[in-house]
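task: produce atomic coordinates for the following.
(2 chains)
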Amino acid sequence: MIKRARSLALCGLLVTALPAMSSQVVIPAGEFVSPVILDQEISRVWVDAFRLDVQPVTRNEFADFVRKHPEWQRDRTPRIFHDGGYLTNWLSAVEPGSAETAPVTQVSWFAARAYCEADGGSLPTLEQWEYALSVQRQQANLNDDDYAREVFAWYTQTPFISRAEDNEAMLGLLGQVNEWLEDYQLLLSNGEKIDFGGGSCGDTARMLANFDAAHYATFLRYQSRSNYTPVTTTSTLGFRCAYPEE
Amino acid sequence: MSKKTFMQLSAFALALGLTACAQSPTLNSTLPMKDGEFSIDGMIFGLAEAEVFREQYDSAPVIGDTMSALPHLAPLEYTGNRVHEVRLDTFAQKVEVAPGVNFNAWTYGGSVPGPTLHVREGDRVVFTMKNRSDEPVVVTDPLRGGAPYFQQLAANPYQKHQPAVSPMPHSMDFHSGTVAADDKWRTIAPGETIRFEWVANYPGVYMYHCGTPSVLMHTAMGQYGAVVVSPKGGYPTDHLVDHEYVIVQSEFYLEKVGDEYIYDHQAAMNRNPSHVTFNGHVSALIDEPLRAKAGDRVRLYFLNAGPSDTSSFHVIGGIFDRVWYEGNVENEWRGMQTVLLGASNSAVMEFIVPESGVYKLVDHEFADAERGAAGALIATPKDSN
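Here you go, the predicted structure:
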């Protein structure tokens, strides 16, 4: 599965030196069964093989990007592309100043997209990202209850708690940062189709393919993602890129 | 008077009457309606759309002179109606709910339950909330301009509050407001602020909570509190009441993972709480019991916030002399031993303290009492100071 991945200690993300360039894994083609019910039926879609960064983009990598693309430096990027918090946790417009190998956060969807585009890729689609997670869950033998616990723990504890044993096989898809997706607002709000039931109180049941904790945890991720706006920058929202597999 | 004059006078009087009706319908409120609003049965509807915006704000996360920490209720020191400028920011906070059991809660104002807002029927609330879930917010140092809530919290910090960070989209749903939920109760992302108004059309004790899906998790994580809307004519016993307290019952669903407690979704779905509390801690009303004297009339404003269970509230050794279901004076019961409340139901209950002693407050569903839904009122002798 891991084609070009180097041996990375993804867990010690605040201290471990990582290579400057992200390496990628190939996510093989396969069927993705959506854990969330859209349009009143469980959707099964074929996902073509693609390459995915093995880790979220780091602060260092993003610093290289803004040096090459000054228009994305925090003091030059127009406010229509961010909410005012864009890279405000950096030392300067081009230097993170600390934690260089940690995932970059406080980047808007616009900035994340621009990075991936400049890198010859794109933000993963929701289907690609969730499919990759399901593939890696199988690889890591992460059972449903442990998976649910990890998701809930991430949402309910102070971020960046390391879960060393899972992170490498899981590509850090859980437990590091929430990640921007190309079509992250597909569900529940602001999309072309507004779901009148799902935008507020309760009413999640008809969207869950199964009523166990794992599906509920997954739904929580879908839902929280869909409530961000493209200009949102938070301390736990980062991204990685996907690329076509030639 | 000629017929013609009579007709003219009548038309004039009719016109006057119509004009008066159009300009000032009889409102429950002494405040005027705003442009675009309308009135039915004296109540005000059709409020302006909510605004969502971004602001640099790092000052007091709770503002409003009638915003109190439990079990306090701020007095309403005005007659008629007024406008309340209220801020209640939402952010994460590590709080203790039982000795040694703390978790990173999602809160309004830093405590679970959040502060209690007190208004009068007919009052208007101009509400502001910033989603500050991506920044650590300190609530133990009272901030300039903050609500009395902070002094009360500092005087009795039984939840041992510590700042935490847990970025999440959140929203605010006031049961005391009559509005379109998809507008006023809409979800905002971390860093965003929402502002909207509501008018207290109906008296009662109401829940407020986060309505963002998954609503079970958001409420189980701590996002709820109480609004007391006092009836415009008061309760019939107002002149007899010696003490007023607010109690909010709620469940927690926690499991220990490593050294930390986190939300246990399966337990929440199974309605199997790890803790059931009054005012957010199993010892809240035992370490700091309510106080009164023999012969006093004690009024409790009680809300069962759930999120999923009922409460059968009972005072051991007392009988509720008057109960107003949901806090509305029209819904009066007498001589009740236990008051059954579903999730987000409330009541105003009064009892007369019969003699000095200790009166335990319990959820008479004993499985809940054993999980922490217990407190106490200590009564001193009738003539004591």
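
quick one, strands of chain A?
Under the criterion DSSP state E, chain A contains strands at A:24-27, A:30-33, A:44-47, A:50-53, A:178-179, A:237-238, A:242-244.

turn the ones you listed into CSV, columns for distance to chain B and mean neighbour count.
Placement of C-beta: from N, CA and C, glycine included. As requested, these are arranged in CSV below (distance: least, CB to the nearest CB, whole Å; neighbours: other CB atoms under 10 Å in any protein chain shown):
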stretch, distance to chain B, mean neighbour count
strand A:24-27, 27, 21
strand A:30-33, 21, 14
strand A:44-47, 23, 12
strand A:50-53, 22, 23
strand A:178-179, 8, 22
strand A:237-238, 7, 26
strand A:242-244, 24, 17
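
can I get these in JSON lines including distance to residue B:69 and mean pLDDT?
Below are these laid out as JSON lines (distance: least, CB to CB, whole Å; pLDDT from 0 to 100):
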{"stretch": "strand A:24-27", "distance to residue B:69": "51", "mean pLDDT": "93"}
{"stretch": "strand A:30-33", "distance to residue B:69": "48", "mean pLDDT": "94"}
{"stretch": "strand A:44-47", "distance to residue B:69": "51", "mean pLDDT": "93"}
{"stretch": "strand A:50-53", "distance to residue B:69": "47", "mean pLDDT": "96"}
{"stretch": "strand A:178-179", "distance to residue B:69": "33", "mean pLDDT": "89"}
{"stretch": "strand A:237-238", "distance to residue B:69": "33", "mean pLDDT": "90"}
{"stretch": "strand A:242-244", "distance to residue B:69": "49", "mean pLDDT": "96"}
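
and the ones you listed as a markdown table, adding distance to residue B:383?
Converted to a markdown table, the strands of chain A look like this (distance: least, CB to CB, whole Å):
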| stretch | distance to residue B:383 |
| --- | --- |
| strand A:24-27 | 80 |
| strand A:30-33 | 74 |
| strand A:44-47 | 78 |
| strand A:50-53 | 77 |
| strand A:178-179 | 62 |
| strand A:237-238 | 63 |
| strand A:242-244 | 79 |
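
in the chain, which spans are helices?
I went with chain A, as the question did not name one. Per DSSP state H, chain A carries helices over the ranges A:59-68, A:109-118, A:126-139, A:144-156, A:164-167, A:213-226.

please refer instead to chain B.
According to DSSP H, the helices that chain B contains are B:3-23, B:149-155, B:181-184, B:215-220, B:265-269, B:284-287, B:366-370.

worst mean pLDDT among the ones you listed?
Of all the helices of chain B, the minimum mean pLDDT falls on helix B:3-23 (a mean of 51).

please name the nearest non-neighbouring residue to residue B:376.
residue B:289 (4.1 Å; CB to CB, 6 or more residues apart in numbering or on different chains).

which one is residue B:152 nearest to, not counting chain neighbours?
With CB to CB, 6+ apart, the residue lying closest to residue B:152 is residue B:69, at 3.7 Å.

ok, the one you found to chain A distance?
Note on residue B:69: its distance to chain A, by CB to the nearest CB, to the nearest Å, is 24 Å.

would you quantify the distance from that residue to residue B:338?
Per CB to CB, to the nearest Å, residue B:69 is found 27 Å from residue B:338.

if we can go back for a sec, I figured the residue nearest to residue B:152 hits residue B:115, correct?
Yes. Using CB atoms under 8 Å, residue B:69 is in contact with residue B:115, at 6.2 Å.

got any residues that touch both of the two?
residue B:149 (CB atoms under 8 Å, 6 or more residues apart in numbering or on different chains).

quick one: contacts for residue B:341?
Residue B:341 sits next to B:302-304, B:310-313, B:347 when contact means CB under 8 Å, 6+ apart.

sorry, back to before: of the strands of chain A, which is nearest residue B:382?
Across the strands of chain A, residue B:382 has its closest neighbour in strand A:178-179 (60.3 Å, CB to CB).

partner strands of the closest one and their direction?
strand A:237-238 (parallel) (DSSP bridges).

centre of the chain versus the partner strand, how much separation?
Strand A:237-238 has its C-alpha centroid displaced from the chain centroid by 7 Å (CA atoms, centre = their mean, to the nearest Å).

for chain A, which residues score under the pLDDT cut-off?
By pLDDT under 70, the weakly predicted segments of chain A are A:1-22, A:38-40, A:157-169, A:186-205.

from residue B:71, how far out is residue B:60?
The value you get for residue B:60 to residue B:71, if CB to CB is used, is 22 Å.

looking at the two now, which is surrounded by more residues?
Neighbours were tallied for residue B:60 and for residue B:71 using other CB atoms under 10 Å in any protein chain shown; the higher tally belongs to residue B:71 (24 against 20).

what sits against that one?
So residue B:71 contacts B:245-247, B:279, B:285, B:290 (CB under 8 Å, 6+ apart).

hmm, residue B:127 and residue B:108 touching each other?
No. Judged on CB under 8 Å, residue B:108 makes no contact with residue B:127 at a distance of 11.3 Å.

name the residues contacting each of the two.
B:88, B:172.

distance of the residue in chain A positioned nearest to chain B relative to residue A:237?
Of all residues in chain A, the one sitting closest to chain B is residue A:227 (3.3 Å; CB to the nearest CB). Taking CB to CB as the measure, residue A:227 falls 12 Å from residue A:237.

center of the chain - which residue?
Picked chain A for this. Taking CA atoms, centre = their mean, the centroid of chain A lies closest to residue A:179, which sits 2.1 Å from it.

switch to chain B, please.
Geometric middle of chain B (CA atoms, centre = their mean) lands on residue B:226, at 1.2 Å.

beta partners for the closest residue to residue B:332 other than its chain neighbours?
Distances taken as CB to CB, 6+ apart put residue B:324 closest to residue B:332, at 5.7 Å, once the chain neighbours are dropped. Beta-bridge pairing of residue B:324 under DSSP bridges involves residue B:332, residue B:348.

wouldn't residue B:324 be in contact with residue B:336 here?
No. Assessed by CB under 8 Å, residue B:324 is found out of contact with residue B:336, at 10.8 Å.

which one of the two has more residues nearby?
Neighbour totals were compared for residue B:324 and residue B:336, and residue B:324 leads with 25 against 18 (other CB under 10 Å).

residue contacts, the residue in the stretch 1-150 of chain B that chain A sits nearest to?
At 4.3 Å from chain A, residue B:134 is the closest residue in the stretch 1-150 of chain B, using CB to the nearest CB. By CB under 8 Å, 6+ apart, the residues touching residue B:134 are A:234-236, B:165, B:167, B:190-191.

so which residues on chain B come close to chain A?
Residues of chain B lying close to chain A by CB under 8 Å from any CB of the partner chain are B:54, B:56, B:103-104, B:134-135, B:164-169, B:171, B:173, B:181-182, B:185-192, B:211-217, B:221, B:257, B:260, B:262-266, B:269.

just the buried residues of those.
Those of those that meet the buried threshold are B:54, B:103-104, B:134-135, B:164-169, B:171, B:173, B:185-192, B:211-217, B:221, B:260, B:262-266, by 16 or more other CB atoms under 10 Å in any protein chain shown.

what about residue A:23, how many neighbours?
A count of neighbours around residue A:23, defined by other CB under 10 Å, yields 16.

hang on, the earlier thing: closest one to chain A out of the contacts of residue B:71, please.
Minimum distance to chain A across the contacts of residue B:71 is 21.6 Å, recorded for residue B:279 (CB to the nearest CB).

skipping adjacent residues, who's closest to the closest one in space?
Among residues not flanking residue B:279 along the chain, residue B:70 sits closest, at 4.2 Å (CB to CB, 6+ apart).

pretty sure residue B:67 sits against residue B:88.
Yes. In this structure, residue B:67 is within contact of residue B:88 by CB under 8 Å, at 7.3 Å.

shared neighbours, those two?
Counting by CB under 8 Å, 6+ apart, the contacts common to residue B:67 and residue B:88 are B:109, B:115, B:117.

gap between the first one and residue B:153?
Using CB to CB, residue B:109 is found at 9 Å from residue B:153.

and the two? Which one has more around it.
Shown here are residue B:109 and residue B:153; by other CB under 10 Å, residue B:109 has more neighbours (29 against 25).
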